[in-house]
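**Q** Sequence and predicted structure below; questions after.
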Amino acid sequence: MLSFDRVSFGRGRALIRDLSFDLRAGEILAVMGPNGCGKSTMLAVFAERSLLLGGTVSLGGRSIGVMSQREIFSLLALASQNGIPACPCTVEDYVLAGWYPRLGLMGVPGRLERDDCRRVMEQIGILQWSSRRADALSGGEFKLVQLARAMTCGRRLLLLDELDSSLDFANRIRIATLLRRFAAGGGAVLMITHSPEQARDTADRILLLSPELPPLEGSPEETLAPEILGRYFGVRIPGTPDPGVPSGTPGRL
Amino acid sequence: MRTVLGFGVLALLLILLSLAYLATGSYSLPLGEVVSALLGNGGEEAGTVVLEIRLPRLLGALMTGAALSLTGAVMQSIFNNPLVSPDILGVSSGAACGAAAALVLGLGAPAAAFSSFAGGMLAVTVALLLARMAGGGGVLLLVLAGIVVAAFFSGVVELICALNPRAEEFPSILFFLFGSMARMTQGDLAVLVLALLPGALLLWRLGFALDVMSLGEADAAGLGLPAGRLRLMAVILCSVICGLFISRVGIIGWVGLVVPHLARIWFGFRHRILLPASMLLGAVLLVGVDLICRSLFTYELPLGVITSILGAPVFAVVLCRNAGRRDGTC
């Protein structure tokens, strides 16, 4: 569904080089790494092509280089770390914007689009917020609204940037359940997270990024082993041997 | 329901104000005669007064209110800033400069209107180029470039006035700076209709895209919306509309800033509703204000003076009403 083939990206200077992975339907991939290592930039390549410095990113087998922005974003949804909008829109308006890539500049959402949004909001359990103003939501509530927008329009691929931060633990469980159900229905999810627990409970595989080490992809058991995690985050996790100076090329496990 | 009620009340108000507008003046007419003059079967004198003198002016006020409010609402959305007015890129200073230059050269009203439009477009072009040279089409740079350009052209207007102490052009220049409907002709009306209708229709068609744009540039880009291009397109369209109106009626402040705020309070956020609602409210407001200008005193007050005096306190109330909101956006 989504594949990165020897991709380098960054603003002018490469943050990450030679990143390759495949995300197939039915899978959830968690991406972890220290602050500033390029996780969000990795997702920004879809809106801002100049960030892509080498390699090929493809969606459904086609390189994003030959696709229009609207085509890309009607296939995938990006729930980024942008804050709550500073405009007087309602939750329903915010969710409805998820239909923009299909409708285009002159489009008008109609019955079909509204019904789809309502269905998704009901599925997430936030339908009762429809007419609330988006800027009156708490940070955690807004994350659920972002998830709803991502799931509109029949998208099968969700890219979620720290959607689990600032969620209470009930909502974390709820999101994990929703995402697993989404994947079981043939969807694919890439989620950036800072929580090893969330990654372990939700994802099938984990991708570790670091400014110094080559990207490492593997199962939660492999990648979340304290010595590996310690090496990628450059910190000694209590109860494990000192990771020392990062060395060698771990490659793919 | 709320929307329908709002449009209904505004439409009714507009009709009533328009009838009052056509009836009042130095040659006062009863409403019955106004209506029969409008239907084409009134007396000759009443027909002349209503159809040839007052109606063009009424339509001018109506369309000016609609145009300034429409462009104000669009500019506020595409700049994601509630404090933006339609002339944020300096169109009115440029227009004033063009008009003043033509007037001191003694070129006459039609040339002054043309020169004013050209001045407005020049100011906007310079502001856009300046922002681009300074590093892009981002909101902050555009606003700053607009302030710079507006300041420069205002300076030039003052220079023109200072260098030409011949008194006879000053009334015309002041007239332009204060804004007035008094010189509206049928030729002007045709220009204004051609500026407003296609522009309004196009902006209305972009309504949903403007909704998405209001969510913020980064968010819109994450939905595949070409935010920079849409902003440039809307800025140019709004500036052309504003420039054409200002070149005919002079500078009328505050309407484009305040009316969209008032419209949002009742009609909400969606541009497919907000834009026509702003236009209607702006039309009601300007027809009402021009009625006051014509009837309150024995001599005529400039329209822009009243809109500024009324606009500032109304805006203050709107600000206070929103003070409890997260960041003061309406």
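**A** Happy to help now that I have it. Numbering: from 1, shown residues only, chains lettered A, B, ... in the order given.
**Q** near chain A, which residues of the stretch 101-250 of chain B?
**A** B:205-209, B:211-212, B:214-216, B:218-226, B:230 (C-beta under 8 Å from any C-beta of the partner chain). All C-beta atoms are positioned from the backbone trio N, CA, C, and that covers glycine.
**Q** Low-confidence stretches in the stretch 201-330 of chain B?
**A** Applying pLDDT under 70 to the stretch 201-330 of chain B flags the ranges B:322-330.
**Q** Break down chain A into its helices, ranges please.
**A** A:39-44, A:69-75, A:91-96, A:100-103, A:111-124, A:139-150, A:169-184, A:196-202, A:220-223, A:226-233 (DSSP state H).
**Q** And the stretch 201-330 of chain B, by the same measure?
**A** Ranges of helices in the stretch 201-330 of chain B, per DSSP state H, counting those that start in this stretch, are B:207-214, B:217-221, B:227-249, B:255-267, B:271-295, B:303-321.
**Q** Can you list phi and psi of the residue in the stretch 1-150 of chain B that chain A sits nearest to for me?
**A** Residue nearest to chain A within the stretch 1-150 of chain B: residue B:80 (6.7 Å; C-beta to the nearest C-beta). Per-residue torsions, residue B:80: phi 50, psi 40 (degrees, to the nearest 10).
**Q** Pull the contacting residues for it.
**A** Shown in contact with residue B:80 (C-beta atoms under 8 Å, 6 or more residues apart in numbering or on different chains): A:86-87, B:139, B:213-214, B:216-217.
**Q** Alongside chain B, which residues does the stretch 1-150 of chain A contribute?
**A** So the stretch 1-150 of chain A meets chain B at A:47-48, A:68-74, A:78, A:80, A:82, A:84-90, A:93-94, A:96-98, A:100-101, A:103-109, A:135-136 (C-beta under 8 Å from any C-beta).
**Q** Quick check on these: which are buried?
**A** A:47, A:69-70, A:72-74, A:78, A:80, A:82, A:84-90, A:93-94, A:96-98, A:100-101, A:103, A:105, A:107, A:109, A:135 (16 or more other C-beta atoms under 10 Å in any protein chain shown).
**Q** any idea of the mean pLDDT for whichever strand or helix holds residue B:160?
**A** Residue B:160 is part of helix B:139-163 when elements are defined by DSSP states H and E. For helix B:139-163, mean pLDDT rounds to 91.
**Q** counting contacts, what elements does it pack onto?
**A** helix B:91-104, helix B:109-133, helix B:170-178 (3 or more C-beta pairs under 8 Å, 6 or more residues apart in numbering or on different chains; DSSP states H and E).
**Q** residues in contact with whatever residue of the stretch 201-330 of chain B ends up closest to chain A?
**A** Residue nearest to chain A within the stretch 201-330 of chain B (C-beta to the nearest C-beta): residue B:224, separated by 3.6 Å. Counting by C-beta under 8 Å, 6+ apart, residue B:224 touches A:47, A:68-74, A:100-101.
**Q** mind running it again at 10 Å?
**A** A:46-47, A:67-74, A:76, A:78, A:100-102, A:104, B:212 (C-beta atoms under 10 Å, 6 or more residues apart in numbering or on different chains).
**Q** Verify the contact between residue B:45 and residue B:27 for me.
**A** Yes - using C-beta atoms under 10 Å, residue B:45 is in contact with residue B:27, at 8.1 Å.
**Q** picking up where we left off before, looking at the helices of chain A, which one is packed in the most?
**A** Mean neighbours per residue, mean count of other C-beta atoms under 10 Å in any protein chain shown, is largest over the helices of chain A for helix A:91-96, with a mean of 26.
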